[in-house]
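In: A structural model of the following input is requested.
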Amino acid sequence: MPDAPAAAGGKGQVRDPKMEAIYSICGFYAIYWMWLRIQEVNNFLGREVIKPLFLFVGIICGPLLFYVLWLMVNAIPEMQKKVGIESKDEKIVDLLSFLCSPYGVFRAQTKLNAIWQK
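Out: Below you'll find the predicted structure:
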C-alpha cells in the first residue's frame, strides 16, 4: 500500500502505475487512491484545487464525483507546466478513461510520476 502524501509544497511519491491500476479494481482502493492524489495535487500546487470532501460526497452523488475527476484532469496540465513538461490537451480522454477505473488510474499515475520525477 502507498505511503502518506507528500509534505506541503512538495512532490508526491512515484508509484508503479500498473500496480496502482490493479489495486484500483477494488473500488475502495480507487477511492483511497483518489484521496491521496487529491492531497498530493493540492500540496504540489500550494492551494486547494480539489476539495477532498467532494470525493466522499461524490460517492453518493455521481455527478459530483465526475466533477472531482474533471478538476483532477484539469490540474494535471497545470502541474506539468509548473515543472516544465509540455502538456497535451487530453482532458476529455483522461476524464473518459476514468470510466474504466483501472485505466484512468494508470493514465493519471503515469502523468503524476512524470511530474514527480522532474
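
In: tell me which element the closest residue to Val73 other than its chain neighbours is part of?
Out: Computed as CB to CB, 6 or more residues apart in numbering, the closest residue to Val73 that is not its neighbour in sequence is Asp94, at 4.2 Å. In short, each C-beta sits where N, CA and C put it, glycine included. For Asp94, the host element (DSSP states H and E) is helix 91-97.

In: ditto for Phe106
Out: helix 101-117.

In: helices or strands next to the helix holding Asp94 in the packing?
Out: On a contact count with 3 or more CB pairs under 8 Å, 6 or more residues apart in numbering; DSSP states H and E, helix 91-97 meets helix 62-83, helix 101-117.

In: buried sites along the last one?
Out: Looking back up the chat, that one is helix 101-117. 101-102, 104-109, 111-113, 115-116 (16 or more other CB atoms under 10 Å).

In: Mind checking what secondary structure Glu48 has?
Out: Put simply, Glu48 is coil when judged by DSSP: H, G, I helix; E, B strand; the rest coil.

In: what sits against it?
Out: Taking CB atoms under 8 Å, 6 or more residues apart in numbering, we find Glu48 in contact with Asn42.

In: what about it, distance to Gln13?
Out: Using CB to CB, to the nearest Å, one obtains 20 Å as the distance from Glu48 to Gln13.

In: Next: Arg47.
Out: Applying CB to CB to Arg47 and Gln13 gives a distance of 21 Å.

In: repeat for Val57
Out: 26 Å.

In: any idea which element the most centrally placed residue in the chain lies in?
Out: Taking CA atoms, centre = their mean, the centroid of the chain lies closest to Arg37, which sits 4.4 Å from it. Arg37 is part of helix 27-45, with elements assigned from DSSP H and E.
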